[in-house]
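In: Here is a sequence together with a model predicted from it:
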Amino acid sequence: MPKEIRLNAFDMCCIGHQSPGLWTYPGDQADRYNALDYWTDLAKVLERGRFDALFLADVLGIYDVYKGSPDTALEQAVQVPVNDPLMPVSAMAAVTRNLGFGITCALSYELPYPFARRMSTLDHLTQGRICWNIVTGYLDSAARGMGMTRQVAHDDRYEIAEDYMQAVYKLWEASWEDGAVLRDRAGRRFADPAKIHAIHHEGPHFKVDAIHLCEPSPQRTPVLFQAGASNRGRDFAARHAECVFINGPSKKIIRNIVTDLRTRAAAAGRDPNDLVIFTMITIITDRTTKAAREKHRDYLNYVSEEGALALMSGWTGLDFGAMDRDQVVRFDDRTNAQSSALEAFTTADPDREWTVGEIARHAAIGGRSPVIIGSGAEVAKELQAWVEETDVDGFNCAYVVTPGSFADIADLVVPELQARGAFKRDYAAGTFREKLFGRGPRLPSNHPAALVRPNRIDIGQGKG
């Protein structure tokens with residue numbers, strides 16, 4: 001039997017996400033990002049297509065590395081303006097029943113106590129369909145906005161993240177015991193105080209002495225995504241993540257990352273197959289190969305290579321505006337941004353050298369992701385080839401135009417995958433964690449979060 005492929009839609013509460021300039025394409029609705037019905041309509045399209053989740057990226061700060069200025073990003077709407085990704089989720093949950101919601105939140109600028117409440121609230125309101133993409137940030141402009149001179153060094157941010165995770169695990173998993181909520185109307189007792197505890201966390205970076213403000217939500221801890229593919233980020237993912245979001249421009253690069261992640265998970269005492277790994281992909285499809293290729297050629301008339309370089313400069317910390325277009329890009333581990341973004345185009349594939357111009361052209365549609373162009377059947381076949389050759393579990397599908405790219409996948413690619421037995425025909429029951437793993441709604445007992453539970457209750461190993 002072929003492996004069942006997972007699909008997430010990859011979006012952001014902004015205008016220009018991964019394909020700079022395409023918001024000007026006729027029929028594209030990205031500039032309606034600040035209208036609630038944009039999000040509710042998109043959620044309906046995705047649930048119709050049986051997408052696993054809508055994965056919402058986010059970034060604090062502005063891309064101001066390119067030419068030492070934010071002007072290009074501002075002029076061309078390169079991930080700015082950008083709204084809070086948590087806000088549209090409740091509305092989307094109200095018009096769907098199964099679609100998951102992956103929310104990117106940078107822990108570098110969030111205190112654990114109020115953040116834990118926001119995630120628990122969303123887990124309640126979505127009936128257990130929330131996941132958290134754990135990131136540490138990568139823009140100095142974000143740090144300056146938060147009153148700092150510059151962001152904390154890359155690897156040090158992960159040391160802070162380790163402490164942060166212990167604090168939120170205690171709030172979600174240890175503050176309210178199972179059975180603490182009584183809802184006893186006759187006895188006039190909502191909860192049993194003896195089963196509710198203040199957690200006392202005193203780590204190197206965070207201190208929390210408080211009772212979690214929310215009663216236990218369906219999943220307690222949201223499904224944990226992690227999107228750091230640097231060496232330190234992979235160690236963090238191997239320890240904490242249930243799902244990992246990676247990206248790179250070729251199967252060879254992705255295969256190496258997947259192998260490394262699963263090896264690290266095993267070394268951390270986890271089943272390497274417990275990591276559900278998604279790689280970013282951009283799909284351009286139509287009813288025929290010819291129509292798909294014509295669509296791609298049409299899109300190229302609207303791309304902004306300068307906008308792509310503004311994105312890449314922000315991601316890598318290198319000012320591509322100060323480099324010639326034919327200059328070969330070399331890896332520099334002294335940058336304090338996303339080191340994995342630079343590695344993907346330099347050291348990860350020693351058989352190829354990338355110039356600034358090649359990176360601009362590649363990133364203009366789909367950012368760092370590869371682009372698959374073809375009929376629905378051709379795309380389905382290629383997605384299966386990616387799974388077989390790289391061992392990924394699924395794809396975060398970036399759009400070229402929205403909602404058109406997502407509707408094309410739902411209507412043309414998903415039926416072909418279903419016909420091949422490689423995609424679900426309907427959603428499984430339960431929370432997002434239950435849909436992904438086929439077991440209970442809570443994290444399993446071999447996860448670090450389980451270590452903080454009262455009396456080390458063995459939770460989450462049974463079938464849901």
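Out: Right, received. Where do you want to start? Numbering: from 1, shown residues only.
In: phi, psi of the nearest residue to residue 12 once chain neighbours are set aside?
Out: Excluding the flanking residues, the one nearest residue 12 by Cβ to Cβ, 6 or more residues apart in numbering is residue 57, at 4.3 Å. For every residue, glycine as well, the C-beta is placed using N, CA and C. Residue 57 adopts backbone torsions of phi -70, psi 170, taken as degrees, to the nearest 10.
In: gap between the longest strand seen in the chain and the chain center?
Out: For the chain, the strand with the greatest residue count under DSSP state E is strand 276-286. Relative to its chain's centre, strand 276-286 lies at 13 Å (Cα atoms, centre = their mean, to the nearest Å).
In: Which helix or strand lies directly C-terminal to it?
Out: Next helix or strand after strand 276-286 toward the C-terminus (DSSP states H and E): helix 289-300.
In: What is the burial count for residue 132?
Out: By other Cβ atoms under 10 Å, the residues close to residue 132 number 23.
In: is it fair to say it lies in a strand?
Out: Yes. Counting by DSSP: H, G, I helix; E, B strand; the rest coil, residue 132 is found in a strand.
In: Using PDB, list the CA coordinates for stretch 209-218.
Out: The C-alpha atoms that make up stretch 209-218 are tabulated as PDB, following Å, rounded to 0.1, in the frame of the first residue of the first chain:
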ATOM      1  CA  ASP A 209       4.400  30.600  40.000                       C
ATOM      2  CA  ALA A 210       0.800  30.300  39.100                       C
ATOM      3  CA  ILE A 211      -2.200  28.200  38.400                       C
ATOM      4  CA  HIS A 212      -3.000  27.800  34.700                       C
ATOM      5  CA  LEU A 213      -6.000  30.000  34.000                       C
ATOM      6  CA  CYS A 214      -7.700  27.500  31.700                       C
ATOM      7  CA  GLU A 215      -9.400  24.200  32.500                       C
ATOM      8  CA  PRO A 216      -7.800  21.400  30.500                       C
ATOM      9  CA  SER A 217      -8.500  21.600  26.800                       C
ATOM     10  CA  PRO A 218      -9.100  18.600  24.500                       C
END
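In: For it, which outside residues touch it?
Out: By Cβ atoms under 8 Å, 6 or more residues apart in numbering, the surrounding residues in contact with stretch 209-218 are 113, 116-117, 120-121, 123-124, 127-128, 171-172, 175-176, 178, 180-181, 191, 196-201, 431, 441.
In: and stretch 253-270, which residues are buried?
Out: 253, 254, 255, 257, 258, 261, 262, 264, 265, 270 (16 or more other Cβ atoms under 10 Å).
In: swap in stretch 357-372?
Out: Across stretch 357-372, burial judged by 16+ other Cβ under 10 Å covers 357-360, 362-372.
In: Could you tell me which of the residues you listed are located in helices?
Out: Those of the buried residues of stretch 357-372 mapping onto helices are 357, 358, 359, 360, 362, 363, per DSSP state H.
In: got the residues you listed as a markdown table, with pLDDT columns?
Out: A markdown table is the format used below for these (pLDDT from 0 to 100):
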| residue | pLDDT |
| --- | --- |
| 357 | 89 |
| 358 | 87 |
| 359 | 86 |
| 360 | 88 |
| 362 | 83 |
| 363 | 85 |
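In: Would you mind checking which of those is nearest to residue 84?
Out: The shortest approach to residue 84 among these belongs to residue 363, at 25.6 Å (Cβ to Cβ).
In: Leaving out chain neighbours, which residue sits closest to that closest one?
Out: residue 308 (3.9 Å).
In: and if you look at residue 362?
Out: Nearest non-adjacent residue to residue 362, counting by Cβ to Cβ, 6+ apart: residue 249, 6.3 Å away.
In: I'd guessed that neighbour sits against residue 369; true?
Out: Yes. Counting by Cβ atoms under 8 Å, residue 369 is a contact partner of residue 249 at 7.4 Å.
In: can you confirm residue 324 is in a helix?
Out: No. Secondary structure of residue 324 (three-state DSSP): coil, not part of a helix.
In: quick one on the thing from earlier: relative to residue 79, which of the buried residues of stretch 357-372 is nearest.
Out: Distances from residue 79 to the buried residues of stretch 357-372, taken as Cβ to Cβ, are shortest for residue 367 (10.2 Å).
In: Return the residues in contact with the closest residue in space to the closest one that isn't next to it in sequence.
Out: Spatial nearest neighbour of residue 367, chain neighbours left out: residue 18 (3.7 Å); criterion: Cβ to Cβ, 6+ apart. By Cβ under 8 Å, 6+ apart, residue 18 lies in contact with 10, 280, 282, 311, 366, 367, 369, 398, 399.
In: Now that we have those residues, can you turn them into TSV and tack on pLDDT and distance to residue 141?
Out: Putting the contacts of residue 18 into TSV (pLDDT from 0 to 100; distance: Cβ to Cβ, whole Å) gives the following:
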residue	pLDDT	distance to residue 141
10	97	23
280	95	23
282	97	26
311	90	14
366	88	24
367	83	19
369	87	24
398	96	23
399	97	25
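In: State the pLDDT value of residue 140.
Out: Looking at residue 140, its pLDDT is 83.
In: CA atoms of stretch 112-125 as CSV?
Out: Taking Å, rounded to 0.1, in the frame of the first residue of the first chain, the C-alpha atoms of stretch 112-125 are listed here in CSV:
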residue,chain,number,x,y,z
PRO,A,112,4.8,31.5,29.0
TYR,A,113,1.9,32.3,31.3
PRO,A,114,-0.4,34.4,29.0
PHE,A,115,0.7,32.4,25.9
ALA,A,116,-0.3,29.1,27.5
ARG,A,117,-3.8,30.6,28.1
ARG,A,118,-4.2,31.8,24.5
MET,A,119,-3.3,28.4,23.1
SER,A,120,-5.6,26.6,25.5
THR,A,121,-8.4,28.9,24.6
LEU,A,122,-8.0,28.2,20.9
ASP,A,123,-7.8,24.4,21.6
HIS,A,124,-11.1,24.7,23.4
LEU,A,125,-12.8,26.8,20.7
